[in-house]
Each structure stands twice: as structure tokens, then as C-alpha cells.
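Peer 1: Can you look at this prediction? I've put the sequence above it.
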Amino acid sequence: MRVVSVRRSGTIAALLTIAFMFFSIQIHAQFGFPAVTPLSTLTIPEAQWLQPEALLHLLKSTGENRPLLLQVGSHILFAQGHIPGSEYVGPGSQAAGLQKLQARVSPLSRKKPIVLYCGCCPWNRCPNLGTAYAKLREMGFTHVKVLYLANNFGEDWASKGYPVEQGQ
Amino acid sequence: MAPRRLRRSLCAKLLLCLCLGVSAAPYCVAGSLLHKEAPEFVRTDLKHRKLDLHAYRGKIVLLDFWATWCAPCLLEMPRFAAWQSQYGSRGLQIIGISMDDDPVLARRVFNKLKLNYPVAMGDEKLGQLYGGVLGLPLTFLIDSQGRVQGQFQGETGLSVIEAQFKTLLRP
């Protein structure tokens, strides 16, 4: 029964991923947006999803152990509120955003801990994280985590009283 | 707070959310802008016309924050346009605020969807006025007196929003 349920959940995840990609490609093709192949957040291994409480704990680290925190979503949302110490290098769904991300991390050791986050919209609808994560993995980064925000940054971080700062 | 009282308090808040017609999926932001006067703003819309929220007093306004990267937003907007056609004569006014960084993208969607309601570009200042737009879609229902009567964050069922604004429209 357990094997069946694991297989079933894996199948469901795969179907959702395909549905997301089809849907995103349709939406973006319809509006002629820059062609970055959309990747669902479900393509990010669950072992790399980082819960907010775990990130809070990580942010207490210092020096080389402290992760580089990168927001790969919307700049207007970043300016309204972001995690202190994070940098904006997005959006991950557009070629220009991926270039910014690439330029930011290129000089770094491939073992540098990096945490990506977005929070634009519900996790399984995010158009930015999947592609950004894939880019870092493609570049050889081995310690990449992604902040799991189920609904959005407002609900799953800011309204929980976690630290937020405003500004560019 | 004692556990029983806490449960009752949470139940009361959930009941309030349900009464406001917010579906179970998105969170109900009780105590934010709800029942307060909607912050006023003046912008220039994508057709270069003045967009002054105050000018819509007397109408029922659906103020929709969206962005081109927000897939659920793009699904909602054709329905909003249909509502504008269907309910405009009864006092409904939809207003869109794009939170895109680039107005070219917003204008492309506006033209493609042939939106029949004004859309202006937002920014962090306007977002902060509305309590911080930290996730999309986000839609406010504003009554004829300019008070926020509903706040819908996330993928709220459109029938929920429709049911709520219909209670405020002229017969």
C-alpha cells in the first residue's frame, strides 16, 4: 500500500509539473513573453525545499556558512518587503533575470550555500523559482536551497512576524 | 489564552472569513484594510487618462492588483472584463493595477485581452498604501462609500467574489 501511495504521489507530481509547463508555455506564447522555458517548482527536489523556520535558523550563521539569499521574483514586491540581507536578482522567469542571477553568482565558489526565494504567488504557480534553481545547478552550484512559501511572501513570511525590510 | 477560548476565537475569525465570501484556500486578512476607507490614489492609466479612485465614489469598485507573471491573474482578467460588461450598468467598476516592473508587458496583456476597464501601473508606494502587496492575485472590493468590504488574496474562487459584489450592486 505504501509503495502504491508513493508511486501515486510521484505520478501526481509529474502530472502537475507537465500541466504547469503546458499552461505556462500557453500563457507566455499567447502574450509573446520572452522565451524562457518555464519550470515548475515541482522540478525542485523536495530535499532542497527550506521551511521558513529553518531559514531563520540558517540566517544566524556567520561568515562563509551564512547563505547568500537571493530573491528571484518581482522587483516591486522586493521593494515593498524582503528578507533582510537578501538581494534582488530576478525575475527568474525572464532571460534578463536569469542573466542577472548568473552574473551575481559567477564569481562564487560552487560550494557557496545559496537560498533562493520568491513568494510572488502560490508555490505551485511560481514562474520564477524552477528556472532559477535549474540555472544554478547547471552552473555547478551544489548547496542550493529554495525557501518554501506555500501561498506568498505576505502570508507565509511577513504576516508571521518574520523579519522584513523595505527598499530597493 | 485558554485553548477553548483560542479555538472559539479562531472559529469566529474563520466564520468571519466565510461570511465575507473568501474561500478556504486563500487567507482572510481580517483587520487589515477591511471596513476602512480605501486609500485614495491618482494615476495615469495605460490609455494616458487620469485614473482617480475618488472619482468612482458611488460605484462598487473591484480593485485588482495583478502582474503578467501571475498566471492566476491572467486567468481571472477575462472574467473581470465580462463582469464589467455584465454589471457595469448596475454600478460595478473594475480597476486594474499592474505590479509589473515593465509597463510594456502590462500594455501587451491589456491589448491582447481587450480589457474594458482602466488599468494603471502600480509601484511599491501604491502597494504599501494597500497594506503591502506581497503576493498576487490580490483584489479589493470597495463599496459606494469608498470602504473596503472584501479583500481576496490568492486564487479565490471567482464565484465567491461575484457573489459578494452582487450584494452591493444596484438592482
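Peer 2: Ah, there it is.
Peer 1: For residue A:64, what are phi and psi?
Peer 2: Main-chain dihedrals, residue A:64, degrees, to the nearest 10: phi -70, psi -20.
Peer 1: how much space between it and residue A:109?
Peer 2: Using C-beta to C-beta, to the nearest Å, one obtains 9 Å as the distance from residue A:64 to residue A:109. Backbone N, C-alpha and C define where each C-beta goes, glycine included.
Peer 1: Now do stretch B:123-134: distance from first to last residue.
Peer 2: Here the two ends of stretch B:123-134 are set 12 Å apart, with distance taken as C-alpha to C-alpha, to the nearest Å.
Peer 1: Is any residue of that stretch near chain A?
Peer 2: Yes - legend: contact between stretch B:123-134 and chain A by C-beta under 8 Å from any C-beta of the partner chain is shown at B:123, B:124, B:127, B:128, B:132, B:133, B:134.
Peer 1: Count the neighbours of residue B:107 for me.
Peer 2: Residue crowding around residue B:107 was assessed by other C-beta atoms under 10 Å in any protein chain shown; the count is 17.
Peer 1: Same check on residue B:82?
Peer 2: Applying other C-beta under 10 Å, we find 12 residues neighbouring residue B:82.
Peer 1: How far off centre is the helix or strand containing it?
Peer 2: Residue B:82 is part of helix B:71-87 when elements are defined by DSSP states H and E. The chain centre lies 12 Å from the centre of helix B:71-87; the measure is C-alpha atoms, centre = their mean, to the nearest Å.
Peer 1: Check which helices and strands it is in contact with.
Peer 2: helix A:2-31, strand B:60-66, strand B:92-98, helix B:158-166 (3 or more C-beta pairs under 8 Å, 6 or more residues apart in numbering or on different chains; DSSP states H and E).
Peer 1: Would you mind listing the buried residues in that helix?
Peer 2: Residues of helix B:71-87 classed as buried under the neighbour-count rule (16 or more other C-beta atoms under 10 Å in any protein chain shown) are B:71, B:72, B:73, B:74, B:76, B:77, B:80, B:81, B:83, B:84, B:87.
Peer 1: contacting residues around the third one?
Peer 2: Going back to what we said before, that points to residue B:73. Applying C-beta atoms under 8 Å, 6 or more residues apart in numbering or on different chains, one finds that residue B:73 lies in contact with B:64, B:66, B:67, B:136, B:137.
Peer 1: Report the two of these separated the most.
Peer 2: Farthest-apart pair in the contacts of residue B:73 is B:64 and B:67; separation 10.7 Å (C-beta to C-beta).
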